[in-house]
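# my questions are about this predicted structure, shown below with the sequence.
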Amino acid sequence: MARMPAPAARPPLWLAAATIASFWGVVFGVVRLVRTFLDDPYGNDFRVFYAAAKVGLSSGWSRIYDPALLRAASSAFPVQDRVYDSAHSYANPPLLAWIVAPFTALPEPAAFVLWTVLGVAAFVFAWAIACPFTGLARITLLLLGLALWSVHESLRFGQPTLLLIALIAVAWQQTKRGRPVVAGALLALAVMLKPQDVILVPVALLISGRISVFAAFMGWAAVLAIAFVLNLGSGGINGYFGATAFVQSNPIHQFDTLAYVFGVGPFTYAAELVLGILAMAVAYFRRSELDVVFALGVLGSVIASPHMHQPDYAVNVLAAWLALRTGPGIAHRFWLLLGIPACQFAALALPLPQLLWQTAWLGILGREAVVARRPSELMPEKP
């Protein structure tokens with residue numbers, strides 16, 4: 001008699017529940033995005049990048065920081081979305097405007113939808129490269145990432161954060177495969193696209209002894225910097241620094257940083273600097289673990305940045321994926337799990353749980369470095 005096929009193994013109840021909850025979180029995000037496309041396709045940050053790209057194409061790239069020209073390029077937008085002030089102005093490096101330039105062939109609403117699709121594709125691509133586990137657990141991490149508030153906000157506002165995640169994920173992969181030139185080029189693109197989110201990743205690689213990747217990064221960054229200077233000229237460079245200072249003068253851009261706790265001032269800047277240095281110190285002690293080095297570069301950048309918004313914290317998803325690849329202990333995994341509600345509190349304009357969670361996570365990564373070193377230090381010396 002032929003044997004009956006064995007029934008397929010069922011996933012653990014907790015994993016099935018996590019998958020279902022994450023799925024409905026994604027559904028909520030999709031509905032929210034569709035409502036954004038239909039109700040307010042101009043009420044986002046992408047319309048600023050779009051206007052800057054239009055100015056660059058029509059009036060020259062040296063003029064992309066001119067508020068008057070940005071308003072003129074937005075003449076077809078609703079009146080309330082033609083405002084360019086310290087809360088809404090183009091202050092990114094020109095690379096972002098260059099990337100958005102092809103999208104200006106479409107009206108802004110259609111361009112925004114296409115940009116959003118690109119962001120989702122970049123996130124899925126990063127997941128395919130860097131996410132650990134297999135089967136349902138791996139799929140759950142994808143759904144969970146897409147359900148996080150910071151990822152929602154990155155898509156809803158049209159921020160390039162998910163592109164950064166893809167660039168850093170591929171840079172990690174190429175570093176692991178021994179291709180420093182490619183990895184350095186990708187890191188340079190990421191840093192020149194949005195410095196505050198990933199600026200310490202190449203520093204972590206330098207501190208960990210990966211000199212070739214850091215040297216390649218510096219070379220490619222120099223090429224991009226020269227291209228910026230040639231395209232902007234002295235007027236455009238002055239415009240960039242002026243726009244950066246103008247935007248940073250608005251405390252709203254520091255609401256999601258340690259300034260929420262300590263206020264805007266020297267103490268906050270000092271605390272952010274200290275945390276960034278601590279992250280790099282931990283990267284040195286864990287220099288043999290490439291996954292952790294990249295994770296600490298991302299986490300250190302986020303902790304140390306004086307300019308952050310809710311979408312920027314989406315890069316922590318990649319840091320968590322990389323940390324999970326190292327097979328952390330139960331306590332560490334539990335803390336990563338607590339990062340989910342900590343991130344979701346941002347939906348209530350409460351960044352404190354996120355700030356506390358990531359600072360404690362840095363402490364956990366540091367503690368693991370100390371514990372890992374202790375046995376070898378306690379061993380007696382050979383005669």
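Received the coordinates, thanks.
# low pLDDT regions in this structure?
Across the chain, residues meeting the criterion (pLDDT under 70) sit at 1-8, 373-383.
# longest helix anywhere in it?
If you go by DSSP state H, the chain has its longest helix at helix 211-248.
# need the contact partners of the helix or strand that that helix is followed by.
Per DSSP states H and E, the first helix or strand lying C-terminal to helix 211-248 is helix 259-262. With contacts defined as Cβ atoms under 8 Å, 6 or more residues apart in numbering, helix 259-262 is touched by Pro251, Gln254, Gly265, Thr268, Ala271, Pro306, Pro351, Leu352, Leu355. In short, each C-beta sits where N, CA and C put it, glycine included.
# which of the residues you listed has the largest number of neighbours?
Using other Cβ atoms under 10 Å as the neighbour criterion, Pro351 leads those with 23 neighbours.
# residues in contact with that one?
Taking Cβ under 8 Å, 6+ apart as the test, what Pro351 contacts is Phe255, Asp256, Thr257, Tyr260, Gln310, Phe345.
# how near is it to Ser234?
Remark: distance between Pro351 and Ser234 (Cβ to Cβ, to the nearest Å) = 38 Å.
# by contact count, what packs against the helix or strand containing Val371?
When elements are assigned from DSSP H and E, Val371 belongs to helix 352-378. Judged by 3 or more Cβ pairs under 8 Å, 6 or more residues apart in numbering; DSSP states H and E, the packing partners of helix 352-378 are helix 259-262, helix 266-285, helix 290-304, helix 330-344.
# by contact count, what packs against the longest one?
Looking back up the chat, that one is helix 266-285. For helix 266-285, the elements it packs on are helix 200-207, helix 259-262, helix 290-304, helix 352-378, judged by 3+ Cβ pairs under 8 Å, 6+ apart.
# contacts for it next, please.
Identification of contacts with helix 266-285 by Cβ under 8 Å, 6+ apart yields 200, 203-204, 207-208, 254, 257-259, 261-262, 292-293, 296-297, 299-301, 303-306, 359, 362, 365-366, 369-370, 373.
# I'd like to know which of these are buried.
For the contacts of helix 266-285, a burial check counting by 16 or more other Cβ atoms under 10 Å picks out 200, 203-204, 207-208, 254, 257-259, 292-293, 296-297, 299-301, 303-306, 362, 365-366, 369.
# mind listing what the spatially most central residue of the chain touches?
Nearest to the mean C-alpha position of the chain, by Cα atoms, centre = their mean, lies Val315 at 3.0 Å. Going by Cβ under 8 Å, 6+ apart, Val315 touches Thr161, Leu164, Ile165, Ile168, Asp197, Val198, Val298, Ser301, Val302.
# okay, these in a markdown table with distance to Met218 next?
Converted to a markdown table, those look like this (distance: Cβ to Cβ, whole Å):
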| residue | distance to Met218 |
| --- | --- |
| Thr161 | 24 |
| Leu164 | 19 |
| Ile165 | 22 |
| Ile168 | 17 |
| Asp197 | 19 |
| Val198 | 15 |
| Val298 | 19 |
| Ser301 | 17 |
| Val302 | 22 |
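# check which helix or strand Tyr50 maps to.
Assessed by DSSP H and E, Tyr50 sits inside helix 46-59.
# residues touching Val100, list them.
Val100 is in contact with Phe46, Phe49, Tyr50, Ala52, Ala53, Ala111, Trp115, counting by Cβ under 8 Å, 6+ apart.
# I appreciate the help and will end here.
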